[in-house]
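> dropping the sequence and predicted coords here.
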Amino acid sequence: MEFENIVTENNEGILHIIINRPKKLNALNKDTIQELHEAFTDAREDEEVKVVILTGSGEKAFVAGADISEFADFSAEEGRELAAKGQANLFDFVANFAKPVIAAVNGFALGGGLELAMAAHFRVASDNAKMGLPETSLGLIPGYGGTQRLPQLVGKGRAMEMIMTAGMIDAKQALQYNLVNHVCEPEELIGFTEKIAQKIMRNSLVAMSAAIRAVNANYEDGINGFEVEISEFGSAFATEDFKEGTSAFLNKRKADFPGK
Ligand code: COA
């Protein structure tokens, strides 16, 4: 599928989704959010896609935030709608995506950019990456899940400080904060992230989808994650992947999971 603001590329089961507005530091305008939604929808249906790596084009930015020029004259109602639609169509969509999504943070990840990286299942950063939620410097607050996901990842106090100062942290500090799992040289970022994706692809995607649902249940109000785990664990026994995984282990061979 052809897009104007993003590029997609399937490399042997790893779908690269690259946000491609480098002149605007890959800022997320409405069209880009819509295209990302479409790309993820396609990826969900496409059996050739096993893992998604999300990154930004150019060397400077992952995503420098929501496109400020688009909402500068919004009313309160339009602001609410912007956040609600964005969360439903992209940020929650990515967080609950049934296949693993890794953000490869290749530069500035600010505002909506950091929120997008945080919606991914985990993050790898290049050592020139800079991350922050600068919304309070614009008289705003994060609207794409940042007030919820940042404390979940780094703890309440650090999240409060980052939001209140509107400052940026570098990749080293993001690693210390558990905001990213790994930091590498910019030129190694994609290769390193692909290696993790390849490791993931050896395992059962059916089981991974169940694990994503169970882990995410911990962060949903009114849902007992332990109960979700028990239910997903039980369901796994009824899958072809479970039969294949256990029989491969018992027969001392590599598993070839049939599940998609
Ligand atoms: N929305 C819209 N346009 C953006 C943008 C955003 N979030 N972030 C960057 N851009 C645009 C700039 O307006 C500029 O466009 P122009 O060349 O047409 O003037 C272009 O991207 C390059 O950015 P520039 O500011 O010139 O680069 P820089 O290296 O001097 O600074 C940043 C980089 C990231 C520090 C700076 O762009 C910035 O602060 N961006 C906004 C970050 C932000 O507040 N995001 C949260 C939004 S809710």
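It's in.
> going by C-alpha atoms from here, please, whenever you check contacts or count neighbours.
OK.
> can you pull the contacts of the single nearest residue of the stretch 151-260 of the chain relative to the ligand?
Across the stretch 151-260 of the chain, the shortest distance to the ligand (C-alpha to the nearest ligand atom) belongs to Ala166, at 8.6 Å. Residues near Ala166 by C-alpha atoms under 8 Å, 6 or more residues apart in numbering: 132-137.
> restrict those to those near the ligand?
Restricting the contacts of Ala166 to those near the ligand by C-alpha under 6 Å from any ligand atom leaves 134-135.
> okay, and which of the contacts of Ala166 map to strands?
Using DSSP state E, Gly132 are the members of the contacts of Ala166 that sit in strands.
> beta partners of the closest residue to Leu189 other than its chain neighbours?
Among residues not flanking Leu189 along the chain, Ser126 sits closest, at 5.8 Å (C-alpha to C-alpha, 6 or more residues apart in numbering). Under the criterion DSSP bridges, Ser126 forms beta bridges with Cys184.
> burial of Ser126, as a residue count?
Neighbours of Ser126 under the rule other C-alpha atoms under 10 Å: 24.
> got the contact list for it?
Counting by C-alpha under 8 Å, 6+ apart, Ser126 has contacts 104-107, 171, 183-186, 188-189.
> kindly report the same for Gly157.
Contacts of Gly157 by C-alpha under 8 Å, 6+ apart are Pro151.
> tell me how far it lies from Ala43.
Here the distance between Gly157 and Ala43 works out to 36 Å (C-alpha to C-alpha, to the nearest Å).
> same check on Gln87?
In this view, Gln87 and Ala43 are 18 Å apart by C-alpha to C-alpha.
> which phi and psi does Arg123 have?
phi -130, psi 140 (degrees, to the nearest 10).
> surely it touches Asn181?
Yes. Using C-alpha atoms under 8 Å, Arg123 is in contact with Asn181, at 5.8 Å.
> which parts of the stretch 151-260 of the chain are helices?
Per DSSP state H, counting those that start in this stretch, the stretch 151-260 of the chain carries helices over the ranges 156-165, 171-176, 189-201, 205-217, 225-236, 240-250.
> so for the last one, what gets flagged as buried?
Residues 241-242, 244-245 are the ones in helix 240-250 that count as buried (16 or more other C-alpha atoms under 10 Å).
> one more: the fifth one?
By neighbour count, with 16+ other C-alpha under 10 Å as the criterion, the buried positions of helix 225-236 are 225, 228-229, 232.
> tilt between the host helix or strand of Glu9 and helix 189-201?
Assigned by DSSP states H and E, Glu9 belongs to strand 6-11. On the basis of axes from the mean of the first three to the mean of the last three C-alpha atoms, to 10 degrees, strand 6-11 is oriented at 50 degrees to helix 189-201.
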